[in-house]
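J.: Below are the sequence and a predicted model; questions follow.
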Amino acid sequence: MVTIGRPPGGFGSSCECSRSGAGAAFADIQRPGTLRRMASFSPSTPLSRAATLPSRFYLDTDVLELEKERVFGQTWQLVARTDELQRVGDFVPVTVLDEPIVITHGLDGELKAFYNVCRHRAGQVALTKGNRKSLQCRYHGWTYGLDGTLRACPEMEETEGFRKEDFGLVPVRVDRWGPFVFVNLSDSAPPLAEVMGAIPGEVERAGDYVIECNWKVYVDNYLEGYHLPIAHPQLYKELDYDAYRVEEFRFYSKQHAPIRELKPGEEIGVDRRYLRQPGAEDSALYYWLFPNTMFNIYQDNMSSNVILPLGPDRTLTVFEWFFADPGSGPGWESMQQTIAFSDEIQQEDIVICEQVQRGLRSRAYDTGRFSAKRENGVYHFQNLVREFLGE
């Protein structure tokens with residue numbers, strides 16, 4: 001359970017609802033017409049000797065189905081913002097891949113989440129966001145409190161052995177960090193605070209992009225700066241590439257991208273966007289939270305990025321920006337320039353990711369090798385994918 005509102009002193013996380021998890025057994029992943037097992041893998045293999053994930057991990061529908069259960073079904077997913085749930089009685093329907101969820105701001109002031117499925121005949125109890133003291137299924141009128149308890153179920157008096165207290169909405173774990181609301185479909189996953197590690201202590205709506213690539217292609221690309229000199233010439237000008245590094249933690253990684261000092265003749269607003277400020281954070285920081293959430297921290301803004309698979313070769317990326325003081329005039333202009341700069345980088349990444357997806361389909365490619373100097377973040381991610389898929 002979570003109390004709505006930003007706590008004094010910055011972003012924080014509090015306790016959560018939980019539910020019983022449901023595991024599932026899966027057969028060996030197969031390519032059509034074959035009985036190929038997933039490649040053997042040892043997480044103790046040094047990066048300097050490791051190979052990348054085989055191409056079938058990015059192409060096969062069966063792999064995606066396994067990821068839905070073992071990766072997305074067992075990790076914290078960013079689904080809403082607290083400004084959508086500010087008032088008592090607010091509720092927001094969301095989805096985690098194919099699972100309908102509803103988040104409520106209860107009469108007790110606490111945030112709760114449930115499967116958005118009526119316990120009678122599986123209708124949904126919330127079709128759009130709103131504000132009410134109860135949730136009612138539009139099929140047969142079963143009505144639930146914002147705490148998930150079944151309050152009314154018309155004409156069930158003659159049903160033997162039926163008790164309303166046994167048919168409340170099924171709860172889902174929910175937690176939040178700052179303005180972000182997360183849910184987790186598994187009750188065995190570690191708490192959000194443990195997964196996020198040191199991120200909370202260290203640190204408006206924009207665009208959605210549909211990209212013709214596997215979701216892991218996009219994450220692979222995000223987790224290394226190796227491609228900056230070639231793929232992102234303008235961003236490369238802002239950052240000290242030689243000092244770029246990636247720190248790995250249990251369920252997240254942190255990319256340090258130091259802002260480069262001005263060269264003679266360069267001007268802010270003309271040649272460069274960012275300037276290293278004395279006493280301020282001198283790096284752009286890129287946090288990735290397994291499996292599909294990113295937080296990008298710059299001197300004057302923060303953005304979030306959620307990666308959602310639409311199919312084995314199609315991905316939705318959802319960006320949101322947050323500014324301390326958008327203001328008007330120069331402040332508003334700066335904000336628009338920031339979003340435009342981010343879109344420029346995103347468009348460059350889309351080109352690369354879609355090219356990679358085409359290359360993964362080639363009979364000439366199955367697996368490659370990592371740059372031990374530059375791709376430890378990608379290796380960390382791919383190790384976690386293998387771990388959650390049960391290799």
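T.: Nice, I can see it.

J.: how about the helices of the stretch 1-150 of the chain, start to end?
T.: Assigned by DSSP state H, counting those that start in this stretch, the helices in the stretch 1-150 of the chain fall at 61-70.

J.: Identify the residue nearest the geometric centre of the protein.
T.: residue 293 (2.7 Å; Cα atoms, centre = their mean).

J.: So it versus residue 345, what's the distance?
T.: 18 Å (Cβ to Cβ, to the nearest Å). In short, each C-beta sits where N, CA and C put it, glycine included.

J.: repeat for residue 86
T.: Counting by Cβ to Cβ, the gap from residue 86 to residue 345 is 32 Å.

J.: do residue 357 as well
T.: 19 Å.

J.: Show me which of these two is the more surrounded one.
T.: More crowded of residue 357 and residue 345, by other Cβ atoms under 10 Å: residue 357, with 22 against 15.

J.: For the more buried one, pull up the helix or strand it's in.
T.: For residue 357, the element it lies in under DSSP states H and E is helix 330-360.

J.: Packing partners of that helix?
T.: strand 208-211, helix 215-222, helix 228-231, helix 233-238, strand 301-311, strand 314-323 (3 or more Cβ pairs under 8 Å, 6 or more residues apart in numbering; DSSP states H and E).

J.: Touching the third one from outside, list them.
T.: Identification of contacts with helix 228-231 by Cβ atoms under 8 Å, 6 or more residues apart in numbering yields 235-236, 239, 241, 244, 348-349, 351-352.

J.: now swap in stretch 80-92 and tell me
T.: 4-6, 94, 102-107, 109, 111, 126, 129-133, 135, 146, 176, 178-181, 320.

J.: of the contacts of helix 228-231, closest to residue 167?
T.: Closest approach to residue 167 among these (Cβ to Cβ): residue 349, at 46.9 Å.

J.: show me what contacts that closest one?
T.: 218, 221-222, 231-232.

J.: Return the distance of it relative to residue 228.
T.: 11 Å.

J.: quick revisit: quick check: the residue nearest to the centre of the chain touching residue 78?
T.: Yes: if you go by Cβ atoms under 8 Å, residue 293 and residue 78 touch, sitting 5.0 Å apart.

J.: quick revisit: most neighbours of all the contacts of residue 349, which one?
T.: Most neighbours among the contacts of residue 349, by other Cβ under 10 Å: residue 218, with 26 neighbours.

J.: so where's the stretch 1-150 of the chain uncertain?
T.: 1-42 (pLDDT under 70).

J.: wait, I meant the stretch 201-350 of the chain
T.: Scanning the stretch 201-350 of the chain for pLDDT under 70 picks out 203-207, 262-263, 265-282, 324-332.

J.: Show me the domain layout of the chain.
T.: 2-20+75-194, 198-389 (automatic domain parsing).

J.: Looking at these, spot the one closest to residue 64.
T.: That would be domain 198-389 among these, by Cβ to Cβ, at 4.8 Å.

J.: What is the end-to-end distance of the closest one?
T.: The first residue of domain 198-389 is 26 Å away from its last residue (Cα to Cα, to the nearest Å).

J.: and the gap between residue 209 and residue 173?
T.: From residue 209 to residue 173 the distance is 29 Å (Cβ to Cβ).

J.: Neighbour count: those two, which is higher?
T.: For residue 209 and residue 173, the more surrounded residue by other Cβ under 10 Å is residue 173, and the numbers stand at 21 against 17.

J.: So that one versus residue 294, what's the distance?
T.: 21 Å.

J.: before we move on, what about residue 214?
T.: Distance check for residue 214 against residue 294: by Cβ to Cβ, it reads 17 Å.

J.: okay, the two: which has more neighbours?
T.: Set residue 214 next to residue 294 and count neighbours by other Cβ under 10 Å: residue 214 wins out with 27 against 22.

J.: residues in contact with the closest residue in space to the more buried one that isn't next to it in sequence?
T.: Counting by Cβ to Cβ, 6 or more residues apart in numbering, residue 214 lies nearest to residue 58, which is 4.0 Å off, once chain neighbours are set aside. If a contact means Cβ under 8 Å, 6+ apart, then residue 58 has 213-214, 216-217, 312-313, 357, 360 as its contacts.
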